[in-house]
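Undergrad: Predicted model follows, preceded by the sequence.
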Protein chains: 6
Amino acid sequence: MKVVTFGEIMLKLSPASYQRLSQANQMMVEYAGAEANVAVSLANYGIETTYVSRLPQNALGDAAINTLRHYGVGIDNVCRGGERIGIYFVEKGAAQRPSKVIYDRTNSAIACSVPDDFDWEHILDGADWFHFTGITPALSDTLAQACLEACETARRKGVTVSCDLNYRKKLWSNEKAGKVMENLCQHVDVCIANEEDAQAVFGIMAPKSDASRGLIDAEGYKSVARQLAARFAFKHVAITLRESISASDNIWWAILFDGHEFYNTRKYNIHLVDRIGGGDAFGAGLIYGLLTLGSPQETIDFATAASCLKQTIEGDFNQVSVQEVLDLMHNGGAGRIVR
Amino acid sequence: MKVVTFGEIMLKLSPASYQRLSQANQMMVEYAGAEANVAVSLANYGIETTYVSRLPQNALGDAAINTLRHYGVGIDNVCRGGERIGIYFVEKGAAQRPSKVIYDRTNSAIACSVPDDFDWEHILDGADWFHFTGITPALSDTLAQACLEACETARRKGVTVSCDLNYRKKLWSNEKAGKVMENLCQHVDVCIANEEDAQAVFGIMAPKSDASRGLIDAEGYKSVARQLAARFAFKHVAITLRESISASDNIWWAILFDGHEFYNTRKYNIHLVDRIGGGDAFGAGLIYGLLTLGSPQETIDFATAASCLKQTIEGDFNQVSVQEVLDLMHNGGAGRIVR
Amino acid sequence: MKVVTFGEIMLKLSPASYQRLSQANQMMVEYAGAEANVAVSLANYGIETTYVSRLPQNALGDAAINTLRHYGVGIDNVCRGGERIGIYFVEKGAAQRPSKVIYDRTNSAIACSVPDDFDWEHILDGADWFHFTGITPALSDTLAQACLEACETARRKGVTVSCDLNYRKKLWSNEKAGKVMENLCQHVDVCIANEEDAQAVFGIMAPKSDASRGLIDAEGYKSVARQLAARFAFKHVAITLRESISASDNIWWAILFDGHEFYNTRKYNIHLVDRIGGGDAFGAGLIYGLLTLGSPQETIDFATAASCLKQTIEGDFNQVSVQEVLDLMHNGGAGRIVR
Amino acid sequence: MKVVTFGEIMLKLSPASYQRLSQANQMMVEYAGAEANVAVSLANYGIETTYVSRLPQNALGDAAINTLRHYGVGIDNVCRGGERIGIYFVEKGAAQRPSKVIYDRTNSAIACSVPDDFDWEHILDGADWFHFTGITPALSDTLAQACLEACETARRKGVTVSCDLNYRKKLWSNEKAGKVMENLCQHVDVCIANEEDAQAVFGIMAPKSDASRGLIDAEGYKSVARQLAARFAFKHVAITLRESISASDNIWWAILFDGHEFYNTRKYNIHLVDRIGGGDAFGAGLIYGLLTLGSPQETIDFATAASCLKQTIEGDFNQVSVQEVLDLMHNGGAGRIVR
Amino acid sequence: MKVVTFGEIMLKLSPASYQRLSQANQMMVEYAGAEANVAVSLANYGIETTYVSRLPQNALGDAAINTLRHYGVGIDNVCRGGERIGIYFVEKGAAQRPSKVIYDRTNSAIACSVPDDFDWEHILDGADWFHFTGITPALSDTLAQACLEACETARRKGVTVSCDLNYRKKLWSNEKAGKVMENLCQHVDVCIANEEDAQAVFGIMAPKSDASRGLIDAEGYKSVARQLAARFAFKHVAITLRESISASDNIWWAILFDGHEFYNTRKYNIHLVDRIGGGDAFGAGLIYGLLTLGSPQETIDFATAASCLKQTIEGDFNQVSVQEVLDLMHNGGAGRIVR
Amino acid sequence: MKVVTFGEIMLKLSPASYQRLSQANQMMVEYAGAEANVAVSLANYGIETTYVSRLPQNALGDAAINTLRHYGVGIDNVCRGGERIGIYFVEKGAAQRPSKVIYDRTNSAIACSVPDDFDWEHILDGADWFHFTGITPALSDTLAQACLEACETARRKGVTVSCDLNYRKKLWSNEKAGKVMENLCQHVDVCIANEEDAQAVFGIMAPKSDASRGLIDAEGYKSVARQLAARFAFKHVAITLRESISASDNIWWAILFDGHEFYNTRKYNIHLVDRIGGGDAFGAGLIYGLLTLGSPQETIDFATAASCLKQTIEGDFNQVSVQEVLDLMHNGGAGRIVR
């Protein structure tokens, strides 16, 4: 089995501990990004993955490549060129203080890529799955076009396509996002979203809930899932649900809709180590489940447990094995020492 | 608007993480102190501040000066001289283990200052507000006298005076504190206290509560506020209330009495990053509110939200902007990522 | 008063913070082990302690010796020899992710010791107490024999013997453990256990509880204590009880059975800093209590408060004084700052 | 006395110790830049300085401001706006391995500034000295124009102008640099250069030396100084001379030409801690000398000693006092402990 | 081109900076080993490499695998099994204090490998070069046999074989080494040695030099090279020469003998950052040179420059590109900043 | 054999690496002092040592005690009391920038000790050697008196007395020092000095040398040694000689005068890791040599080699074994790796 993901891997800089960005005289260095996080997670599960991107020909680009290789992600389709690597700065929140992210990704190597940089016919050869998120087409018109080409090629070759809507308001307007994503979602089989995404991109709302206040209504999400599935003929719609008690404690669960039934998971009350990458870990768990596990229930349970574990780990990557996810699914997370 | 604060800025040394002092082979270095913390907080809100103190003419004194300048605090009234900077060592507690502080501030530059070190007539020129805490007069008789001079000069010039009682039993006895503070409080407009302070300094008690056990009774505090206001003709009395669930989790709120009405705030259930400086952040928020916000309710809400945020931040200083405090006041602290 | 403990002190390597072992590019270095932890804790309480072990003649062996001396533990009975120090790697869990331990202790200096390495007649001269755990006899047949000799010598000399069952399934099978410990426990006065130990080693079960799921039934534990006491004529049986809510939060308490009565403690809801060494801190507290405190209730309260504090401290050692334990026993753990 | 400097302050990220950029999982955070370095150095000498620049309205811009204030540099003329702060990554070399710098400064806040951002008439009011380097006009045509305006305004107001040629081949071509700098240098009183600069910008060469190989010929430099002075009517030309033995050891000295005489300094054989910022420390020392010291010899000695000290200090800033520079000038650098 | 290397990759633990092992409360974590170092170096030069080894199925084995992948080394021939990863502890020396290494590699996964673990027929398919060092056969008789099989298979398939004698006296006696290596060297084409190796393993001595005292005589080494070449029909013999001035400063050069001529290199006077891995970097440079560069002189110059650079870099791996090595060869190492 | 040393152990705080004190946001924590350094060094050589001092009853005093115990130094004669531990801040110099020390030791526990704190009759029971330095009597008149009592008691009991003059100009004037030391030196057998000490304390000068400039004349030192021996009837006078090339490189050697002959050592050209404690390591080496080695030449060679090694080690303590010192004496310091 082989999964292809497409997106931007960035230099991530974050102060240690709970320091504010302006306090930091050291920053932790990582290389990560939504689709790279999915690729690493799948590689950790033993799935062959190929990551498609563009990185500058300098030491920072090299380091990003090394990071991908480190986890066994295939890098043959990362082309080199451009002036700079995208950067994001993350300040970890705590209690009543929210996490903050500063993006400095304009004019990054991939945002400046040209159509010829990605030969989808070749890249998708022998692939089983293609995954991208709404961030990639938001980076430039060329990339929106590349996503479309990738989706069309995938469909033609019988490759399953998944998309995490992942709306980022600093990258594009609701209108632009709606127009581009409408087009792309015609070719998508599996859609991952949360209420904010669905509303921002497609204007799909759940009655009576208010995600920005951390108030979530399960019925409302079922309605969102049904509306999404109806509009784009998605085979699966997965929605993650996060109740933010504070920046330190979240409740996390998910629902999966396969066009017929809804599958709910248990709720994880997570004392957070690092929530960034939780959604990507969910996406990877979902892909892994749909590719290898029997039932929709097991799939959504696996995806949710996997993403719960991610939020107990430092860094964007979900550094867990299949067995560790299954252990949580089956044993419940009481956290006794494994000697 | 210009605020003057007067006190001791010390070298603060603390082990990283939750190490005990005797375990530490490294310590974090900060320069902080109750009134300096207030000054930094106000400077972060865009208020012009001047800090009055005395520091030795060596690299440690320089570093303290640099720290104040870093945050935009005016240092023209920090005189140089004396043998040493005061030092305090802080061991951060966790769960059932309390934080511990060792003070090594005897014979510090400011404790050894002489009356001529501070020319209040000049310092308070053009000022709107003068703030000190009960720590400053406790350091030496000269400083108690300097506080009195400052208060009298302030009153004469129409400068509002605020005082945080901040009783420290290692610095002076209840009796000494009561006598000195009684005198000073004649000239104070705004008093900040907690039940322990009021009882220790002035023998004012609330019926039926026991602060040392973390049991707090709101009605009792109203009684304390009324008694304080009655005794000294304070225009405002603000009382902070802390329920210590453990060294890791506190509930925090406050009340304000303007001589007529009581204004209560919501309770913040804080998973603590660093509680030291919380009271000073409250003081700064209160001063900011009284200087710039319309209503007593907004003022006490601002002060409380500001000091809640402080307790989610490493270090004594409250490194937040006015907007961040307002966001917490209005949006509630669910801690969703700000991208 | 003099306490002798016998066991393996290892090099402990653990990533900082909540990193996984495979992520670590730095590891914290400690030297610790169940019986060494007990010795350090007792030395911190002012009890004269002697530690009996074997360490290689190299810089790592030297460092282990230095660590013991650091805390005032007597090292005259640590003999030198062998090829290597035992090592264990600890990855600290968080929330739903459990802590993991990798042992690399095969062929360690002490595991390769020969009978002549320990002269019990001499070692136990003037001792009041001898303590070991089930780990020591599990390391080699020679050590099982050495434990037996130590126990017999202790009994002959009127030295009280305590044993923490401490079953480690990677070191020996249930059967082997049962056989060896059956023999040793004939000479033991004070037994420390938890339900898993009692079941794994002696097949003693509590009805209706399931420790591996974090479900604990107090009545069941009383039954376990009664069965243990009945089988071996222990004078005291102490059982620690841990409800794992997650890897970040545990509820911790204990019961003591003196052959007649049961003594229960309050429950500590601990937001964990580092739970490893909690059981050893309990053992040390129990020994301290039985040696110096009047009543069984005070003893078990002391042991439980002591081990609660350990779990709020970084590292395996319980770096607290008798006074700090008493403060928690009497004042309850609200965590107010001690200035 | 008041000195104005104009340029870009950037976020500097560098691995600790001698790690390569691609190895780093942590980076040190500083905020620095050629002209900011000069301003900090002068502020450390007690000179009033104002820094003119443009920074984005985010936490990184705030931190840069705080850094300037930390050292007492005036920030009233730093305007806020633009999308990003310029960034540079520095890998420190050792022995035969050279240091490497990656610039990521395109589209920085200051590079995107518009003519109205800097009101030179106002900024230079009351100033005695205006300093910039060849980096500033290289960043954009707007900034080249701003430099010209600044120089013209300075001349008109009788403010001395100094310029460090500081040629950066990644920012502009020799041709472009030559054309722009030719124009600017008409208004410059004091020129700082090294042979590479003079050749790259103005095609002025010294016979027989090869700076890129670390071979330096003192006579050649005198010729360069004479040519520069002749071409632009500079009152002073200072040339720094660096013999690179390796990335760990350099020999450093300088010459000053006042149109009549040459003044040479002793040679400092420096075992380098951090050579970046050495040239800027020289510039600041030169300005300080010309403003406050009597003789050209003392001036160039001061500048050279100051910049020698910088290269023994971590970071771009020269964290030394006037007294420390004088001590080195007079006592020679034997490095005995000052107790 | 494809190179296969065979050996043990270990967990390397070393205190930061110049701390002694017994002082360390943190250690840096790396995964390295002589043949792995060669593989990483070649991968950095863009050569396809495959590493053959055996690692335990735990988080430390995973981390070693990740490290190899990080640098693009092929890990398909690393089999998993065994109980533990080999460990070595390195204390970095300085000035008159030598570096010290403690090995804890007995019973490591690879030392316990069985003949079937390595299928040389398959592994060497399509390979151009096979490299091992004298450490691998020293680890166990099985490995000595595996080396022999590998060498014989390589010869049969026309794969060039190189061997770095790398004598380690703690692993085997001179006699055992001599016997085993005598056998292996029959199949070796390229031999890398230093005088100590040649003497220890084969009793080959240079007249009048004393390597242990840092005294080296170039003529003596030529004699050693000639003797080695004569005895085993090596096509190339390369000898590295190190004059230890102190643990901080070494002079480093090499000679190559191709059976006809001697090729000498310039001498690098290296202010050491980390000398461990220098010899492996030399080996990799030599293999790279023989595979891709025209002349013996260029080859030995490349190998020597490469290994000089390694000694300016933290860690065992030579993190440099071909271009960086060529720059040093051609430009000489004056260490000017590359901007 | 048993050695008693008497002095002040302080909290030492120093920035990591080559940061200036005012730059540090972290400091390394050590507990050290001239006589404690000697005690640790001797304990490392296997000599029984007892340290006599006074420390406050708080966590910092505890940590100092733990540090002494860590190295096996006897602490039974460290009494507890007083308000504070003495502190010193050390900024490590590099190249032309000297190291700087700020002392904050006034009113330390030992400086405030009273005569009854030290019972010399008891302390010196069974001792072979008593060592102190000129720092101890400089701390207070009480301590000067305690030193005198100690010396007199030692002489009466036949205990050899050594004194390192160790003049500190910040502690007392030349006059005061001269008067007190004149008195004490009547009872001293072994005197350790450098030219600065001899001149400052006793006005003894060497012709034609200038220590403050790093110019040293061996003949001059012989004259100093002769004058010292003549004045006080010392049995041995040892003088250390340091040529400061820079703060990074020193040349270090010594001479010993036994009243008849002079014994010179080789010169060590040391690339410094940390020179503080070098003199104390020399003192300990001298005591060790005089106690256990046969000849004066071996003694002074041992002392010099030992103190050379200290200067290659982080921290004030000389963490070396007798064997390591002998290795340097006999093998010369070429720094080859010890595997």
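TA: Good, I have the coordinates. Residues are numbered from 1 along each chain as shown, chains lettered A, B, ... in the order given.
Undergrad: can we go C-alpha only for contacts and neighbour counts from here?
TA: Will do.
Undergrad: At which residues are the strands of chain A located?
TA: Remark: strands assigned in chain A by DSSP state E are A:2-6, A:10-14, A:26-32, A:48-55, A:78-80, A:87-91, A:100-104, A:129-133, A:160-164, A:190-193, A:236-244, A:249-257, A:262-264, A:268-271.
Undergrad: Just send those strands back as a markdown table, with mean neighbour count and mean pLDDT too.
TA: As requested, the strands of chain A are exported to a markdown table (neighbours: other Cα atoms under 10 Å in any protein chain shown; pLDDT from 0 to 100):
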| stretch | mean neighbour count | mean pLDDT |
| --- | --- | --- |
| strand A:2-6 | 24 | 98 |
| strand A:10-14 | 24 | 98 |
| strand A:26-32 | 22 | 98 |
| strand A:48-55 | 25 | 98 |
| strand A:78-80 | 18 | 98 |
| strand A:87-91 | 21 | 98 |
| strand A:100-104 | 18 | 97 |
| strand A:129-133 | 24 | 98 |
| strand A:160-164 | 24 | 98 |
| strand A:190-193 | 24 | 97 |
| strand A:236-244 | 23 | 95 |
| strand A:249-257 | 22 | 96 |
| strand A:262-264 | 17 | 97 |
| strand A:268-271 | 21 | 97 |
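Undergrad: can you put those in CSV and add distance to residue E:207?
TA: Formatted as CSV, the strands of chain A follow (distance: least, Cα to Cα, whole Å):
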stretch, distance to residue E:207
strand A:2-6, 62
strand A:10-14, 56
strand A:26-32, 53
strand A:48-55, 55
strand A:78-80, 54
strand A:87-91, 60
strand A:100-104, 64
strand A:129-133, 67
strand A:160-164, 72
strand A:190-193, 75
strand A:236-244, 76
strand A:249-257, 73
strand A:262-264, 81
strand A:268-271, 70
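Undergrad: Between the ones you listed, which one is closest to residue D:83.
TA: Proximity to residue D:83, assessed across the strands of chain A by Cα to Cα, is greatest for strand A:100-104 (8.3 Å).
Undergrad: Other residues contacting that closest one?
TA: Outside of strand A:100-104, the residues within contact range by Cα atoms under 8 Å, 6 or more residues apart in numbering or on different chains are A:86-93, B:337-339, D:84.
Undergrad: Swap in 7 Å and give it another go.
TA: When contacts are defined by Cα atoms under 7 Å, 6 or more residues apart in numbering or on different chains, strand A:100-104 is touched by residues A:86-92, B:337-339, D:84.
Undergrad: got it, and stretch A:284-300?
TA: Contact with stretch A:284-300 is made by A:38, A:41-42, A:256, A:263, A:265, A:302-303, A:306, as judged by Cα under 7 Å, 6+ apart.
Undergrad: Contacts only, for the residue nearest the centre of chain A.
TA: Here the mean C-alpha position of chain A is nearest to the C-alpha of residue A:280 (Cα atoms, centre = their mean), at a distance of 3.0 Å. Residue A:280 sits next to A:34, A:37-38 when contact means Cα under 7 Å, 6+ apart.
Undergrad: Up against chain D, what does chain A have?
TA: With Cα under 7 Å from any Cα of the partner chain as the criterion, chain A meets chain D at residues A:21-22, A:24-30, A:59-60, A:62-63, A:84, A:104.
Undergrad: from those, which two are the most distant?
TA: A:22 and A:62 (27.9 Å).
Undergrad: OK, now which residue of the stretch 51-200 of chain A is nearest to chain D?
TA: When scored by Cα to the nearest Cα, the stretch 51-200 of chain A has residue A:63 as its residue closest to chain D, at 4.9 Å.
Undergrad: was I right about that residue contacting residue D:21?
TA: No. In this structure residue A:63 lies outside contact range of residue D:21 using Cα atoms under 7 Å: 8.1 Å.
Undergrad: more crowded one of the two?
TA: The neighbour comparison of residue A:63 against residue D:21 (other Cα atoms under 10 Å in any protein chain shown) goes to residue D:21, with 25 against 21.
Undergrad: That one: what's its closest spatial neighbour, skipping adjacent residues?
TA: Nearest residue to residue D:21 in three dimensions, chain neighbours excluded: residue D:91, at 5.7 Å (Cα to Cα, 6 or more residues apart in numbering or on different chains).
Undergrad: Which residues are in contact with the closest residue to chain F within the stretch 51-200 of chain A?
TA: Among the residues of the stretch 51-200 of chain A, residue A:91 lies nearest to chain F; the distance is 19.3 Å by Cα to the nearest Cα. Contact partners of residue A:91, counting by Cα under 7 Å, 6+ apart, are A:14-15, A:20-21, A:99-101.
Undergrad: Could you give the bridge partners of residue A:271?
TA: Under DSSP bridges, the beta-bridge partners of residue A:271 are residue A:249.
Undergrad: List the contacts of it.
TA: Residue A:271 makes contacts with A:248-250, C:95, as judged by Cα under 7 Å, 6+ apart.
Undergrad: nearest to chain E, of those residues?
TA: Lowest distance from chain E to the contacts of residue A:271 (Cα to the nearest Cα) belongs to residue C:95, with 20.1 Å.
Undergrad: so that closest one sits right up against residue A:310, yeah?
TA: No. Judged on Cα under 7 Å, residue C:95 makes no contact with residue A:310 at a distance of 10.6 Å.
Undergrad: neighbour count winner among the two?
TA: Between residue C:95 and residue A:310, counting by other Cα under 10 Å, residue A:310 is the more crowded of the two (31 against 26).
Undergrad: Export the contacts of strand A:100-104 as TSV, with columns for distance to residue F:227.
TA: Formatted as TSV, the contacts of strand A:100-104 follow (distance: Cα to Cα, whole Å):
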residue	distance to residue F:227
A:86	72
A:87	70
A:88	70
A:89	67
A:90	68
A:91	67
A:92	67
B:337	76
B:338	76
B:339	76
D:84	70
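Undergrad: which of these lies closest to residue B:124?
TA: Set against residue B:124, the nearest of these by Cα to Cα is residue A:91 (38.7 Å).
Undergrad: Okay, helices next: where are they in the stretch 151-300 of chain A?
TA: A:174-185, A:195-202, A:218-232, A:278-292, A:296-310 (DSSP state H, counting those that start in this stretch).
Undergrad: Return the most buried member of these.
TA: Of those, the one with the most neighbours on average (mean count of other Cα atoms under 10 Å in any protein chain shown) is helix A:296-310, at a mean of 27.
Undergrad: is stretch A:129-139 anywhere near chain B?
TA: No. Stretch A:129-139 lies apart from chain B when judged by Cα under 7 Å from any Cα; the minimum separation is 13.1 Å.
Undergrad: How far does that stretch stretch from one end to the other?
TA: Length of stretch A:129-139, first residue to last, Cα to Cα, to the nearest Å: 22 Å.
Undergrad: Centre of the chain to it, how far?
TA: Distance of stretch A:129-139 from its chain centroid, counting by Cα atoms, centre = their mean, to the nearest Å, is 9 Å.
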